[in-house]
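[1] Sharing a model prediction with you, sequence too.
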Amino acid sequence: QGVLVPGLGTFAVVPEQINSTEEVYVVRRPVFQLDIDMSCLQELVFPTVMIPGDIMIMPLDYWWLSQTNSLPPNLVRGCVEETILLYSFQLRDRQHPAFAFENIGILSCQDNVLCMQFHCSCIAGLETQDTWVALLLT
């Protein structure tokens, strides 16, 4: 399953098969497919991540987010939209701030490469059977 954050990108969990000399591992690992207006990314490069077509993508659930912090859903939506807009403006102005997602990871720019770095705890929470393989892949 994946979650679309409008104007920013899609987070998803994808299965990946790894063949070793002794056995085959299938691990679940997080991915992020960037979807920012290309005019914001003038000199930046970013890894191309393709989410398989069989992964169900859901829109960001503002109502659920509002329940976690006791704010009205329309206020949560506005905060998310304004934050993404601010981040896009900063990228356009050649500022490269890190964008932190609690319990998930950090979208950051290093040496003009914009990429998502997932927290080890996020990866371990998704893949409990072959955690070390998922950590190495991600």
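    Right, received. Where do you want to start? Predicted model only: the values in this text are computed from it and were never measured.

[2] So which residues make contact with stretch 45-53?
    Outside stretch 45-53, the residues within contact range by Cβ atoms under 8 Å, 6 or more residues apart in numbering are 2, 10, 12, 14, 31-34, 57, 112-115. Glycine gets a C-beta too; all of them are placed from N, C-alpha and C.

[3] Let's see that with 7 Å instead.
    Gly2, Thr10, Ala12, Val14, Val31, Phe32, Gln33, Leu34, Asn112, Val113, Leu114, Cys115 (Cβ atoms under 7 Å, 6 or more residues apart in numbering).

[4] List buried residues within these.
    When the contacts of stretch 45-53 are checked for burial by 16 or more other Cβ atoms under 10 Å, the buried set is Gly2, Thr10, Ala12, Val14, Val31, Phe32, Gln33, Leu34, Leu114, Cys115.

[5] What are the buried residues along stretch 110-125?
    Result for stretch 110-125 [16+ other Cβ under 10 Å]: buried residues Leu114, Cys115, Met116, Phe118, His119, Cys122, Ile123.

[6] Pull that stretch out as PDB, backbone CA atoms only.
    The C-alpha trace of stretch 110-125 is given here as PDB (Å, rounded to 0.1, in the frame of the first residue of the first chain):
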ATOM      1  CA  GLN A 110      23.400  16.400  -0.400                       C
ATOM      2  CA  ASP A 111      25.700  17.400  -3.200                       C
ATOM      3  CA  ASN A 112      22.700  18.500  -5.300                       C
ATOM      4  CA  VAL A 113      21.000  15.100  -5.000                       C
ATOM      5  CA  LEU A 114      17.600  15.100  -3.400                       C
ATOM      6  CA  CYS A 115      16.800  11.700  -1.800                       C
ATOM      7  CA  MET A 116      14.800  10.100   0.900                       C
ATOM      8  CA  GLN A 117      16.700   8.400   3.700                       C
ATOM      9  CA  PHE A 118      14.500   6.100   5.700                       C
ATOM     10  CA  HIS A 119      15.100   5.600   9.500                       C
ATOM     11  CA  CYS A 120      16.300   2.200  10.400                       C
ATOM     12  CA  SER A 121      13.400   1.900  12.800                       C
ATOM     13  CA  CYS A 122      10.900   2.400   9.900                       C
ATOM     14  CA  ILE A 123      12.600  -0.300   7.800                       C
ATOM     15  CA  ALA A 124      12.700  -2.700  10.800                       C
ATOM     16  CA  GLY A 125       9.100  -2.100  11.600                       C
END
